[in-house]
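In: Give me a 3D structure for the following:
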Amino acid sequence: MNQKKLTRKEKDALSRQTAATTPQPNKKNKPATLSASIPSLLIFAFGFLLYAGTIRYAYTLDDFAAINSNRYVQAGASGIGDILQTAYWSGYMASNNTLYRPVPLILFALEWQFFPDNPAAGHFMNVLLYALTGVLLYRLLNKLFKGHILLSFTGALLFLAHPVHTEVVANIKSCDEILCLLFCLISLSKLLDYMDSGKGSALVSSAGAFFLALLSKENAITWLAVFPLAAMLFKLAKPQRAFTLAIPHAVMAILYVAILTGIQHGMLVTKTENLTNNILAAAPDGLTRLATVLFVLGKYLLLLVFPLHLSMDYSFAAIRLMNFGDIGVLASLFVLLALVATGIYAFRKKSVLGFCILYFFITISLVSNMVFVIGTVMADRLLYMPSLGLALAVAWLLVKIRPGTSTATGDLLQAVRSNTPAAALCAVLLLAYSIQTLARTPVWKNNHTLFASGIADQPENAYAHYLYSNELIKSANAGTGNTEALYREALEHYLKAVSIDSTNASFNNEVAATYRKLKKTEEAFAYYDKALKYNPRLPQAYNGKGVLRFQEKKYREALGYFSESAKLNPMDATTLLNLGSCYLVLGDNANAITYLGKSLQYNPNDATALKYMGFAYQNLGDQKTAQEYFSKATAMEKK
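Out: Numbers count the residues shown, from 1 in each chain. A predicted model of the protein is given here:
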């Protein structure tokens, strides 16, 4: 039957009538909601405010090697080319090293360009990037869990609050850890976008972010296993499909390894021989090494669950070599095997808990010393990336949500109301973590507070005593206190370090240097000889012996020691200055100018080197050039 076609006026009238008869929601009874951006803002604010106090802290620990004693970083933007072409520590020391992390160094160089010698800039950037990591983590979890906002929100907050991250955020150098995880999270997020949309640009972005993660820190390579696991669990991808998705990332990893080996002239991994930093270098056999590694992994798990006994360093003899007869090793082995079995079983059952457990073991593998011996036996910062597994596991266990369930809600307040017990438990844990974090961060205020805490936390840690002594020596040299008393206190801690680790060449060298400052020449020479016994290629010991002979006016003998030191460390400004000074007093002005000039190349503002250059040119009769150097020296002395 044909129906009459409605006119425009009739349509408008019908529309108004329908609107009038349709029940309207009661705005007064509408539940309060938070806009979609509010959770992200809350997470950012929490992460930033938790560590905002560190912005006023000084440079500490490896900040000096990575930033304010790194000539490539100090060159600012003009040093980026050198950073891209050299290994990580090349701007600080000439010796080979097997790390390539240009992204954090470029960031440090740009910070130096605009805020030279200002640690506040670096601390601010660390806190900012850390807070952003929390936001990106929240948004990634929202993708993985289909908008289960309470799980995503609590997971991100628990991660940000964990006290084991204190070193990473408060130590500027550890920006490499923050950047690495940040880019890994971006990479996984883009990979999920590709799986949803099929757009090639998302896959390219994912691979690019992963490459930046590798250029930030090499342990990003472990995510080659994380990507397929995430695809299989959260997108229900078949194993073949999941691993195929990671092929572009594998290509990026191959490219990174190629660059790394090229920069290091084919040397991908070198043997670690530093007993002080990593006791595993002294392991007599594979079983001893394995037992010690298992013990350390057990300590890592304990720190994750109960982060109460953190330390700035775990060097010898804070951790000693273990064997399979030690109860600590057996307990760790039992727990680790149980976790691995649980992780595999739970993952096969499509459980988030299984993913979290496997994620922990995957991401800690490269820094666990299980694959190869690295530069340290244990460090809080190495738990930064693996700790994400714990934060996610705790949030999931509390909220008890599985991927694919239909109880998702995009509103935080509604999610809290519907699961108040879980929200309350998360709040209690979050408060406990935050209190511990706030209590720990002041340790990183400066090197003095940091190294003093290291001795308090680990009294038998030789390296902590050594570092604390170094700070006392700096204070004495700066004239901030009773100089002789500071030297004697430093000597006490140096000797303590030697009593713990008697074969450490650096420790013996510093004992010698302190005796030299206290004008005890015989004791100084004896310890310099001990230092060279344990490391015949230690340039500082040769330089120290040269200084002693120079003070005794035995210039020819001093020249030999300075020359040997310069051969071993040709870019050390102090050694080159001493060598040039020695030539100057011997009347060899040409060589004096050569080595003083080299010294100024690495330390152009050294007033002493400038003055001695003036003397050398004056001796050669070049009064004009001599006066130029004298004027520069005077200007430097007035600063």
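In: which residues touch the closest residue to T483 other than its chain neighbours?
Out: Leaving aside its sequence neighbours, T483 sits nearest to A476 (Cβ to Cβ, 6 or more residues apart in numbering; 4.7 Å). No exception for glycine: its C-beta is placed from N, CA and C like everyone else's. Neighbouring residues of A476 by Cβ atoms under 8 Å, 6 or more residues apart in numbering: T483, L486, Y487, A490, K517.
In: Return the set of buried residues in the strand or helix carrying A202.
Out: Following DSSP states H and E, one finds A202 within helix 200-216. Burial within helix 200-216, assessed by neighbour count using 16 or more other Cβ atoms under 10 Å, is assigned to 202-203, 205-216.
In: Could you chop the protein up by domain?
Out: As recorded under automatic domain parsing, the domains making up the chain are 44-440, 461-528, 537-639.
In: ok now the shortest one, how far from the chain's centre?
Out: On the basis of Cα atoms, centre = their mean, to the nearest Å, domain 461-528 sits 28 Å off its chain's mean C-alpha point.
In: and if you look at stretch 100-114?
Out: On the basis of Cα atoms, centre = their mean, stretch 100-114 sits 14 Å off its chain's mean C-alpha point.
In: Contacts for it next, please.
Out: Contacts of stretch 100-114 (Cβ under 8 Å, 6+ apart): 66-67, 70, 72-77, 79-80, 83-84, 87-88, 91, 118, 121-122, 125, 172-173, 175-176, 179, 212, 215-218, 256, 259-260, 263-264.
In: any chance you could map the helices in the stretch 1-150 of the chain?
Out: Per DSSP state H, counting those that start in this stretch, the stretch 1-150 of the chain carries helices over the ranges 8-21, 38-51, 63, 71-74, 80-85, 102-114, 119-144, 149-161.
In: what's the second one in contact with?
Out: Going back to what we said before, that points to helix 38-51. Residues contacting helix 38-51 (Cβ under 8 Å, 6+ apart): 126-128, 130-135, 138-139, 149, 152-153, 156-157, 160-161, 169-170, 412, 434, 437-438, 441.
In: picking that back up, rank the domains of the chain by pLDDT, which is bottom?
Out: Of all those, mean pLDDT reaches its minimum on domain 44-440 (a mean of 90).
In: So what would you say the end-to-end distance of that one is?
Out: One end of domain 44-440 sits 21 Å from the other (Cα to Cα, to the nearest Å).
In: Figure out how far that domain is from the centre of its chain.
Out: The chain centroid and the centroid of domain 44-440 are separated by 10 Å under Cα atoms, centre = their mean.
In: any idea which of the helices of the stretch 1-150 of the chain is most buried?
Out: Comparing the helices of the stretch 1-150 of the chain by mean neighbour count (mean count of other Cβ atoms under 10 Å), helix 149-161 ranks first with a mean of 26.
In: Between helix 38-51 and it, find me the angle.
Out: 20 degrees (axes from the mean of the first three to the mean of the last three Cα atoms, to 10 degrees).
In: Show me what the next helix or strand after helix 149-161 is in contact with.
Out: Moving toward the C-terminus from helix 149-161, the first helix or strand encountered (DSSP H and E) is helix 166-170. Residues outside helix 166-170 that contact it (Cβ under 8 Å, 6+ apart) are 51, 54, 57, 60, 123, 126-127, 130, 174, 177-178, 310, 312, 379-381, 384, 437, 440-441, 443-444.
In: do stretch 427-446 as well
Out: Against stretch 427-446 from outside (Cβ under 8 Å, 6+ apart): 50-51, 53-54, 57-58, 60, 154, 157-158, 161-163, 165-167, 169-171, 307-308, 310, 312, 394, 449-450, 453.
In: Tell me if I'm right that W223 and F211 touch.
Out: No - using Cβ atoms under 8 Å, W223 is not in contact with F211; the gap is 11.6 Å.
In: list residues touching both of these two?
Out: By Cβ under 8 Å, 6+ apart, W223 and F211 have no common neighbours.
In: still on that earlier bit, for the helix or strand that contains the residue nearest to T483, buried residues please.
Out: Using DSSP H and E, A476 falls within helix 462-478. Within helix 462-478, the residues scored as buried using 16+ other Cβ under 10 Å are 462-473, 475-476.
In: Can you give me every residue that contacts R516?
Out: Each residue near R516 by Cβ under 8 Å, 6+ apart is listed here: A524, G544, V547, L548.
In: Looking at neighbours, which among those residues is most surrounded?
Out: When neighbours are taken as other Cβ atoms under 10 Å, the top entry among the contacts of R516 is G544 (25 neighbours).
In: hang on, it packs against T514?
Out: No - if you go by Cβ under 8 Å, G544 and T514 don't touch, sitting 10.4 Å apart.
In: Tell me, what's the model's pLDDT at L14?
Out: On the pLDDT scale, L14 gets 45.
In: what's the answer for L6, then?
Out: Here, the pLDDT recorded for L6 equals 54.
In: for the residue most central in space within the chain, what are its contacts?
Out: Central residue of the chain (Cα atoms, centre = their mean): S174, 2.4 Å from the mean position. Counting by Cβ under 8 Å, 6+ apart, S174 touches N126, E167, V168, R381, Y384.
In: got it, and L229?
Out: A242, F347, F355, L358, Y359, I362.
In: For it, pull up the helix or strand it's in.
Out: Per DSSP H and E: L229 is located in helix 223-234.
In: any idea of the angle that helix forms with helix 119-144?
Out: 40 degrees.
In: Just the CA atoms from helix 223-234 would do, formatted as CSV, please.
Out: The C-alpha trace of helix 223-234 is given here as CSV (Å, rounded to 0.1, in the frame of the first residue of the first chain):
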residue,chain,number,x,y,z
TRP,A,223,61.7,-6.7,23.5
LEU,A,224,62.1,-8.8,20.4
ALA,A,225,60.6,-11.5,22.5
VAL,A,226,58.1,-9.2,24.3
PHE,A,227,56.4,-8.1,21.0
PRO,A,228,55.3,-11.6,20.0
LEU,A,229,54.1,-12.5,23.5
ALA,A,230,52.0,-9.4,23.6
ALA,A,231,50.5,-10.1,20.2
MET,A,232,49.6,-13.7,21.1
LEU,A,233,48.0,-12.8,24.5
PHE,A,234,46.3,-9.5,23.8
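In: and stretch 138-150, C-alpha only, in PDB?
Out: Extracted C-alpha coordinates of stretch 138-150, given in PDB (Å, rounded to 0.1, in the frame of the first residue of the first chain):
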ATOM      1  CA  TYR A 138      48.600   4.100  31.000                       C
ATOM      2  CA  ARG A 139      47.400   4.600  27.400                       C
ATOM      3  CA  LEU A 140      49.200   1.400  26.300                       C
ATOM      4  CA  LEU A 141      47.500  -0.600  29.000                       C
ATOM      5  CA  ASN A 142      44.100   0.900  28.000                       C
ATOM      6  CA  LYS A 143      44.800  -0.500  24.500                       C
ATOM      7  CA  LEU A 144      45.800  -3.900  25.800                       C
ATOM      8  CA  PHE A 145      42.900  -4.200  28.200                       C
ATOM      9  CA  LYS A 146      40.200  -2.700  26.000                       C
ATOM     10  CA  GLY A 147      39.500   0.300  28.200                       C
ATOM     11  CA  HIS A 148      39.600  -1.300  31.600                       C
ATOM     12  CA  ILE A 149      40.600   2.000  33.100                       C
ATOM     13  CA  LEU A 150      41.100   1.000  36.800                       C
END
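In: that older thread, which one of the helices of the stretch 1-150 of the chain lies closest to L596?
Out: Across these, L596 has its closest neighbour in helix 71-74 (18.2 Å, Cβ to Cβ).
In: Give me the helices and strands touching the closest one, please.
Out: helix 80-85, helix 102-114 (3 or more Cβ pairs under 8 Å, 6 or more residues apart in numbering; DSSP states H and E).
In: Give me the distance from stretch 571-587 to the chain's centre.
Out: Worked out by Cα atoms, centre = their mean, stretch 571-587 lies 36 Å from the chain centre.
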